[in-house]
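**Student:** 3D model of this:
(one chain, ligands or ions: 1)
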Amino acid sequence: MATVYQHSTLAALMAGLLDATLSLEQLLNHGDTGIGTLDGVDGEVIILAGEVYQATSDGKVHHITDLKKGVPFATVHEDQDSVECNLTTATFATMNELVEQHTLKNGFTSIQLHGVFEHVQVRVAPKAEKPYPSLLALAKEQPTFEADQVTGTLLGYYTPALYDGMAASGWHVHFISDQHDFAGHVLDFSAKDLTGTFTLFENFELHLPIENASFRKHELDMATLSADIAQAEGN
Ligand SMILES: [Zn+2]
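**Tutor:** All right, here's what the predicted structure looks like:
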């Protein structure tokens with residue numbers, strides 16, 4: 001019985017609630033595989049086999065061993081109950097075809113693919129300073145990085161359109177090279193002969209930062225939320 005665990009909501013991030021509200025230590029109790037960001041949307045996090053890596057906006061990748069550091073938003077799961085998934089060609093378009101082929105569109109799904117990527121374009125959120133701007137304002141100043149012929153792992157989640165706002169609907173994936181020298185939030189990629197797995201989750205566990213006063217009080221602008229998310233997430 002596979003469960004995906006998410007801390008906080010994308011809507012909260014969009015509203016500029018960027019303080020860390022859960023430690024990595026606590027997060028890892030709910031899964032050894034996942035993605036997220038650190039305090040103040042400091043970079044792009046990818047968690048593989050319980051090891052936490054952070055891409056920062058200077059283009060570097062850090063292995064995070066101080067698990068007292070915290071996340072404002074993250075999604076994790078235990079790498080189990082997965083279905084083998086080998087793709088002869090892989091792009092966002094083929095990942096969307098995968099959703100159709102396996103009838104995944106109404107469920108939460110994770111994907112993990114490994115191989116040589118012909119091209120990967122990522123963006124990395126720069127750490128925001130208080131008073132925090134909205135995620136949309138931040139998204140306009142995010143550096144992007146590109147790599148060709150890079151061996152690595154693509155990892156992320158599919159969220160059905162119904163839950164847009166809680167998370168970004170569609171695919172949200174991060175990438176890290178095997179050399180741990182290139183990582184980020186994937187904007188575009190192409191690859192051939194990737195091997196990996198996907199997991200369709202039966203349970204979605206949403207953990208909210210109820211001890212955070214700003215979270216408790218913030219007013220959500222539902223009217224512009226989806227448009228802002230589409231603009232900020234850029235895929
Ligand atoms: Zn991301």
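**Student:** Have a look at the chain and report its longest strand.
**Tutor:** strand 183-201 (DSSP state E).
**Student:** what's it packed up against?
**Tutor:** Judged by 3 or more CB pairs under 8 Å, 6 or more residues apart in numbering; DSSP states H and E, strand 183-201 is in contact with strand 42-48, strand 51-55, strand 83-84, strand 87-90, helix 92-101, strand 108-123, strand 144-159, strand 170-177. For glycine as for every other residue, the C-beta is placed from the backbone atoms N, C-alpha and C.
**Student:** Make CSV from those and add distance to residue 68, mean pLDDT and mean neighbour count to it.
**Tutor:** Converted to CSV, the helices and strands packed on strand 183-201 look like this (distance: least, CB to CB, whole Å; pLDDT from 0 to 100; neighbours: other CB atoms under 10 Å):
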stretch, distance to residue 68, mean pLDDT, mean neighbour count
strand 42-48, 14, 97, 24
strand 51-55, 12, 98, 21
strand 83-84, 35, 94, 10
strand 87-90, 36, 96, 16
helix 92-101, 35, 96, 14
strand 108-123, 26, 98, 20
strand 144-159, 24, 98, 19
strand 170-177, 22, 97, 22
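**Student:** I'd like to know which of those is closest to residue 219.
**Tutor:** Closest of the helices and strands packed on strand 183-201 to residue 219 is strand 144-159, at 23.3 Å (criterion: CB to CB).
**Student:** Between strand 170-177 and the biggest helix by length in the chain, find me the angle.
**Tutor:** The residue-count maximum for a helix in the chain (DSSP state H) belongs to helix 222-233. For helix 222-233 against strand 170-177, the angle by axes from the mean of the first three to the mean of the last three CA atoms, to 10 degrees is 30 degrees.
**Student:** how about the helices and strands packed on strand 183-201 in JSON lines, adding distance to residue 194?
**Tutor:** Formatted as JSON lines, the helices and strands packed on strand 183-201 follow (distance: least, CB to CB, whole Å):
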{"stretch": "strand 42-48", "distance to residue 194": "15"}
{"stretch": "strand 51-55", "distance to residue 194": "19"}
{"stretch": "strand 83-84", "distance to residue 194": "12"}
{"stretch": "strand 87-90", "distance to residue 194": "5"}
{"stretch": "helix 92-101", "distance to residue 194": "10"}
{"stretch": "strand 108-123", "distance to residue 194": "4"}
{"stretch": "strand 144-159", "distance to residue 194": "8"}
{"stretch": "strand 170-177", "distance to residue 194": "12"}
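**Student:** Thank you kindly, that will do.
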